[in-house]
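> Mind folding the following:
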Amino acid sequence: MKDDNDDAGEHIGFVFECQGYKLSYMTDLGSITDTVMNLIMASDAYVIEANYDKDLQMNSSRPWGLIKRIMGDFGHLSNEQATDYLIKVVDIDKTKKIFLAHLSRDCNNHELAFSTVHNGLKKHYQVDYLPIKIVSEVGKRYHIFKAQ
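Modelled structure (predicted):
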């Protein structure tokens, strides 16, 4: 039975390759291993969680145990962590899109997630214009059924 405080579930990741294109999809991570980093290197597109802003998370009214789990290695990626991982795997000449997924409704927002990743990549690549489209509104997460 799933614990009500366990919103992460299992780590989810896929790499789809077809006709020379590669899409890497990762959510509910907390961290990305070197093995996974090698698999997702230089993808044409990424779907990656940018679940929370660290300051909003630390100042939320959530119980400390939940905050600690979310921010742990088996929890979720913050905006900054997503940025740091993307800096390591993005190929500025090949990557065309980044979809920021699984944003917390309480400890993040679309503008904050977008600006953190966008500005981090621009600074890393030292460019005024980033040729990668970043989207922070990719849909919602729906529970189809509740465990009894």
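
> So which bits of the helix ranked longest in the chain are buried?
Using DSSP state H, we find that the single longest helix of the chain is helix 110-125. For helix 110-125, the neighbour count (16 or more other CB atoms under 10 Å) marks 112-114, 116-118, 120-121, 124 as buried. C-beta: built from backbone N, CA, C; applies to glycine.

> Which member of those is positioned nearest Q19?
Of all the buried residues of helix 110-125, Q19 sits closest to L121, with 26.3 Å by CB to CB.

> Let me see the contact set for that closest one.
Counting by CB atoms under 8 Å, 6 or more residues apart in numbering, L121 touches 83, 86-87, 90, 130, 132, 134.

> Relative to Y46, how far out is it?
Distance of L121 to Y46, given as CB to CB, to the nearest Å: 11 Å.

> quick one, helices of this structure?
34-40, 54-58, 64-70, 79-89, 110-125.

> just the CA coordinates of the longest helix of the chain, formatted as CSV?
Output of helix 110-125 as CSV, limited to C-alpha atoms (Å, rounded to 0.1, in the frame of the first residue of the first chain):
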residue,chain,number,x,y,z
HIS,A,110,6.4,27.7,-14.2
GLU,A,111,8.2,31.1,-14.3
LEU,A,112,10.7,30.1,-11.6
ALA,A,113,11.4,26.7,-13.1
PHE,A,114,11.8,28.2,-16.6
SER,A,115,14.0,31.1,-15.5
THR,A,116,16.3,28.9,-13.4
VAL,A,117,17.0,26.4,-16.2
HIS,A,118,17.1,29.0,-19.0
ASN,A,119,19.4,31.4,-17.2
GLY,A,120,21.6,28.6,-16.0
LEU,A,121,22.1,27.2,-19.5
LYS,A,122,22.7,30.7,-21.0
LYS,A,123,25.3,31.4,-18.4
HIS,A,124,27.0,28.0,-18.9
TYR,A,125,27.1,28.4,-22.7
